[in-house]
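Student: Got a sequence here, can you build the structure:
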Amino acid sequence: MIDEQALLEVMVEAIAEAMAVEVSEVLEALEAVGGEDNLELDSRVAEWVVAHVESSMPEVGRLPAPANLEPHQIGTLGALRRAMQDALIQQAG
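Tutor: Numbers count the residues shown, from 1 in each chain. Predicted coordinates for the structure are as follows:
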């Protein structure tokens, strides 16, 4: 199973790349909004995050595209992370 912290770190890196900011700025935003469940993502950023995780963590295999997820599953960093972890559990099961 994928380490939750490692997954979150790769996702934060992806958000920084997608938004053309430093990772430290994303971490500051995470802190400012009160955590991953409050950091909102648009579908373009969510798509980039999924692609980045797949390329940076080949052990995850194929993850569901944000277009195939419900809006509440991609609306925040925390929701997208949980959707990815759920998909990984289903793949393993």
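
Student: Buried residues, the helix or strand bottoming out on mean pLDDT in the chain. List them.
Tutor: Using mean pLDDT, DSSP states H and E, helix 77-92 stands out as the lowest-scoring helix or strand of the chain, at a mean of 91. For helix 77-92, burial by neighbour count (16 or more other Cβ atoms under 10 Å) applies to 77-81, 83-85, 87-88. For the C-beta atoms, the positions are set from N, CA and C on the backbone; glycine is no exception.

Student: Excluding chain neighbours, what is closest to the residue nearest in space to the middle of the chain?
Tutor: The chain has Met11 as the residue nearest its centroid, 4.3 Å off, counting by Cα atoms, centre = their mean. Once flanking residues are discounted, Met11 sits nearest to Val49: 5.3 Å by Cβ to Cβ, 6 or more residues apart in numbering.

Student: Any figure for the gap between that neighbour and Gly93?
Tutor: 23 Å (Cβ to Cβ, to the nearest Å).

Student: Neighbour count for those two, which is higher?
Tutor: Val49 (26 against 5; other Cβ atoms under 10 Å).

Student: Might one say that that one is in contact with Ala14?
Tutor: Yes: between Val49 and Ala14 there is a contact under Cβ atoms under 8 Å: 4.3 Å.

Student: residue contacts, Leu30?
Tutor: 12, 36, 39, 77 (Cβ atoms under 8 Å, 6 or more residues apart in numbering).

Student: Stretch 25-40: which residues count as buried?
Tutor: So stretch 25-40, judged by 16+ other Cβ under 10 Å, has buried residues 26, 29-30, 36, 39.
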